[in-house]
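1. Could you work out the structure for the sequence below:
(one chain, ligands or ions: 1)
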Amino acid sequence: MPTLSILNPYYIDIKKRKILLHLTRAYTNLLRRFGLNIYSKPIVLLVSALFSSASIFSCYQIIRIIFRLQGFLRRRQRKNNHNPLESSESLRADFYGKERYHRRQRVIFVPYKNRHLEVCLNPTNYDRYEHDRLIFKKFMKEHESISEPGKRPSSLMIESKFLTKLYIIWKHILVPEVFHKNTYLLLTHIAFLITRTWMTLLVTKLDGQIMKDLIGFKIKLFFRDILYWFLFAIPASYVNAAIKYLTKRLALNFRTNLVRYCHDIYVNPRVAYYKLQYNYNKLPEYELSYKTVDQNIVEDISKFSNSLTSLFSSLGKPAIDLVFFAIYLRDNIGTPSIIAILANYLITGLLLKQKSPNFNRMWKKRTQLEGIYYNYNLNLVTNAEEISFYKGVRFEKSKVLGIFRDLSDQIKLEISQRFGYQLFEDYVLKSVWPALGYFFAGLPILFSSEKNGYLTDSTSNMKSFIVNKRLILSMADAGSRLMYSVKDISGLSGVTDIVFTLLVNLHQVHDVHFQYGLTNSQGNGFTSNYKIHSYVSQSQLANGNTEANTANNGINGTIQYSYPGLRMEKSPVIIPSPAGIKGRLLLNNITFNISKGQNLLILGKNGVGKTAIIRIISELWPLYSGLLSKPDSNDIYYVSQRPYFIDGTFRDQIIYPLNYSQMLRKGYTDDVLIGYLNEVGLGYLLERFGSLDFKPGLSDLNNVASGNSNSGNRQQDPDVIEEIAINGKVVQVHDSYVPGPLDGRKTWFSLLSGGERQKLIFARIIFHHKQLIVMDEPTSAVSYDYEESLFSSLEGRKLTFITISNRRSLLKHHNFLLELQQDGHAKFSKIDEEYLKHFENTQSEIKYLEAELRNMDKLKKREIELQKLLDGYEWPQEEKSSKQIVSNC
Ligand SMILES: Nc1ncnc2c1ncn2[C@@H]1O[C@H](COP(=O)(O)OP(=O)(O)OP(=O)(O)O)[C@@H](O)[C@H]1O
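-> Coordinates of the predicted model:
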């Protein structure tokens, strides 16, 4: 009964099985009609290639869905049980001293097609870098010890240095765990390489078979084998494409790992990017040029990743080919022939290596020169206006051409050295090896058919010859590719040196006990920044080479945080160098103390060390001795001598280093910022640059995401093109966005005048409203009347500030004065009413004297004019003689 059949659970299965069987039968019949065997290798390969791609694609999709689900659940969980340790306020301040690291997962929006994707960034594990630093340090120590005179390293050690460096980078950065996605990619890559070699073997056999069909006039078999050839091409192309894809993917993954690693220790609160210029290495080969760090990170890391991954193909493929083909050929041409072929490869390989020029050194030199050339061009672009004013075109042109000449000379040298070697290499690899291949391929036919009566059939002879010849030529090709990849290895070795040197230097600078070139052995044993110690006396400091200095070569100043004002006590200002406390002393013991609400003016001539004091306060330079008490780093705002602007909107220039969403979270709106701009006298710029060159960026999306779309004069297009759910909020992505008056994007530094730049920085100071503001020549380009109003704004807000300046006119805005003398001494005094009165009296006296001087100048000029008139006057005779008498008198 039909109902019963449907109820039967096996009914559907039986039906399905029947359909499957029917389809299989139809498929085999179709193949048979073309004379194809379904179990033949090309067919099996084709089907498995299709099947494996379908399964890989499905697995990938399933994994993506799982990850998305996991992210969603994690966010929901975080929202439900709010963990204070994971909140944005949870900061780390243990091992890193005063440094703070966000441990929270961050969500950013990445534009994709016409929508924005939500991307989660996991928190960085900084402990990892502390661990890795010791590994790099150990390597350097060992290397330094073997480089000492009398301890010459063996050549093996030098050779293995490259492998050790590569191993360290590999193990700690490229593939940090065994079960890492890069491990899977690498294994898949190797599997595909083996498959390709096996397929080459199959194609070679098929080639011989086709030749045999042709010579034996087997038309049907000939067409069948041609069809096999076509079918074979599909999985073969798939494998080739997969190898290329995996090579590129792996290179990108390696690059990403390396770049993230470098950025984590290069751009972080320990300001390695600044301190790197003060790093020195005992071994010159590990000296990093500060000027080429950008090139190292941007280009050399990419080159390293590409050459490492392409080496898998260029070295792995021929190596696998050699093994496979040798095993297969051993059955056809015998073991002695195979040994002879391999011995030939080995001997010529060694010969070629001996003749090979040092490509590694040449490559390193060329890369260095390329970097210098690139940086010089960059310098031209950055300082275009200054160079034009100075009319420095001729000078710059001759300089840049000189640099390019050095580069082209190096390339010429490289090309000419390559030429001789290439000649020899091509002769051996492209002529000698294939000729020997023909010889060995012919051996079994020549000898077997004559002596043993074996292989008498000419078509079989032909097939055997074709297969052997192709395999031996492929072997020769594999061998030559191995030889060529020796060059790749030396290229990789050069770029590994560069990347390793970069990492060594970054770790040295990222060290919490960074000693500005001093090694620990030069310092005081276990060196520690900012520990309490007995002070070095002034006379000892001035002397420079006393016993106390030798003992306290390290950095021994004490820094106290959370201080409401600013205090320095007996702190010397020394230019950081490997000489440590014995380095160039700019200022002797600086001592001053200001409390909250008090302001300090630091005056001094050019080059006396005013900015150097700020460098010490901001911990860019070390405090070799003495005491520094200051508020927490986050409560101080520093203003540098040269205003800094970023590539962003007008708003970004005011709120830097905050971003737009952070600004909104703090409760600020564009209207408030516009108020600040008017206060510093830059309101007129809003009209001029308001919404010029507006481009919607991530900040605009963040604005919408945070739900604060009503900021100032902003309007929004009601057309919503998409809605995304982020942390439980619905984010609307708008098709168009009408920019507000602070949305203009310009190259701000070159666009604003010197005075405008400084006024804009004042708007920034007012916006941030920090506990302490340290300013270096903030009004040097501002007119006196505006200087008055800018400082009055700060005073009106009761801000505590320190100003470095050359202008005594600023005295009235400060409570204390620190006058720096050329001899390295400093005088700290209070600026009270009496002082100001005295100063004003002195000023007016100076003005009076200046006016007198001017008058005297005028009188002198008048006298000279009269004298000239007298000289040129035609005196009557008797008057002339009386004039003569007068002048003689
Ligand atoms: N990295 C360095 N290496 C060597 N010397 C340095 C270094 N940095 C600064 N100096 C020197 O230290 C001295 C003080 O520099 P600083 O920038 O503090 O001067 P300043 O008093 O602020 O001068 P100005 O008023 O001209 O800005 C200068 O002679 C300068 O050349």
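2. what number of residues lie near residue 800?
-> For residue 800, the neighbour count with other CB atoms under 10 Å is 23. Placement of C-beta: from N, CA and C, glycine included.
3. Contacts only, for the nearest residue to it once chain neighbours are set aside.
-> Using CB to CB, 6 or more residues apart in numbering and skipping residues adjacent in sequence, the residue nearest residue 800 is residue 772, 5.1 Å away. The contact partners of residue 772, taken as CB atoms under 8 Å, 6 or more residues apart in numbering, are 565-566, 630-631, 635-637, 800-802.
4. next one: residue 294
-> residue 375.
5. Tell me if it really is in a strand.
-> No - going by DSSP: H, G, I helix; E, B strand; the rest coil, the assignment for residue 294 is helix, not a strand.
6. do you know how far the closest residue to the ligand within the stretch 451-600 of the chain is from residue 587?
-> Nearest residue of the stretch 451-600 of the chain to the ligand (CB to the nearest ligand atom) works out as residue 575 at 4.7 Å. According to CB to CB, to the nearest Å, residue 575 and residue 587 sit 11 Å apart.
7. between those two, which one's more packed in?
-> Counted by other CB under 10 Å, residue 575 and residue 587 do not tie: residue 587 has more neighbours, with 23 against 15.
8. The helix or strand hosting the more buried one pairs with which strands?
-> Element membership for residue 587, per DSSP states H and E: strand 585-594. Applying DSSP bridges, strand 585-594 is found paired with strand 566-574 (antiparallel).
9. what does the strand it pairs with contact?
-> For strand 566-574, the external contacting residues (CB under 8 Å, 6+ apart) are 535-536, 538, 541, 557, 560, 581, 583-594, 600, 609, 612-613, 616-617, 621, 623-631, 772, 800, 802.
10. What's the mean pLDDT across it?
-> Across strand 566-574, pLDDT averages out at 94.
11. where exactly do the strands run in the stretch 601-750 of the chain?
-> Under the criterion DSSP state E, counting those that start in this stretch, the stretch 601-750 of the chain carries strands at the ranges 627-629, 636-639, 648-649, 715-716, 720-726, 729-734, 737-738, 745-746.
12. need the contact list for the residue of the stretch 451-600 of the chain closest to the ligand.
-> 583-584, 586, 612, 621.
13. Now do the longest helix seen in the chain: distance to the chain's middle.
-> Longest helix in the chain, counting residues (DSSP state H): helix 458-510. Between the centre of helix 458-510 and the centre of its chain there are 29 Å (CA atoms, centre = their mean, to the nearest Å).
14. residue contacts, the spatially closest residue to residue 361 that is not a sequence neighbour?
-> Take residue 361 and drop its neighbours on the chain: the residue closest to it by CB to CB, 6+ apart is residue 494, 7.5 Å away. Residues in contact with residue 494 (CB under 8 Å, 6+ apart) are 359-361, 363-364, 367.
15. same thing but 10 Å
-> By CB atoms under 10 Å, 6 or more residues apart in numbering, residue 494 lies in contact with 162, 300, 303-304, 307, 358-367.
16. again with residue 305
-> Residue 305 is in contact with 174, 250-259, 495, 499, counting by CB under 10 Å, 6+ apart.
17. Least confident of these?
-> By pLDDT, residue 495 ranks lowest within these, coming in at 89.
18. Run through the neighbouring helices and strands of the helix or strand hosting residue 372.
-> Using DSSP H and E, residue 372 maps to helix 359-382. For helix 359-382, the elements it packs on are helix 293-295, helix 393-426, helix 458-510, judged by 3 or more CB pairs under 10 Å, 6 or more residues apart in numbering; DSSP states H and E.
19. nearest to residue 179, of those helices?
-> Smallest distance to residue 179 across the helices and strands packed on helix 359-382 (CB to CB): 24.2 Å, for helix 458-510.
20. and the angle for the closest one with helix 359-382?
-> Orientation check (axes from the mean of the first three to the mean of the last three CA atoms, to 10 degrees): helix 458-510 against helix 359-382 gives 50 degrees.
21. contacting residues for the residue nearest the centre of the chain?
-> Nearest to the mean C-alpha position of the chain, by CA atoms, centre = their mean, lies residue 297 at 3.8 Å. Residue 297 makes contacts with 258-259, 262-263, 266-267, 499, 502, 506, as judged by CB under 10 Å, 6+ apart.
22. per-residue confidence for the residue lying closest to residue 827 once chain neighbours are set aside?
-> Closest residue to residue 827 apart from its sequence neighbours, by CB to CB, 6+ apart: residue 819 at 4.6 Å. Residue 819 is assigned a predicted lDDT (pLDDT) of 92.
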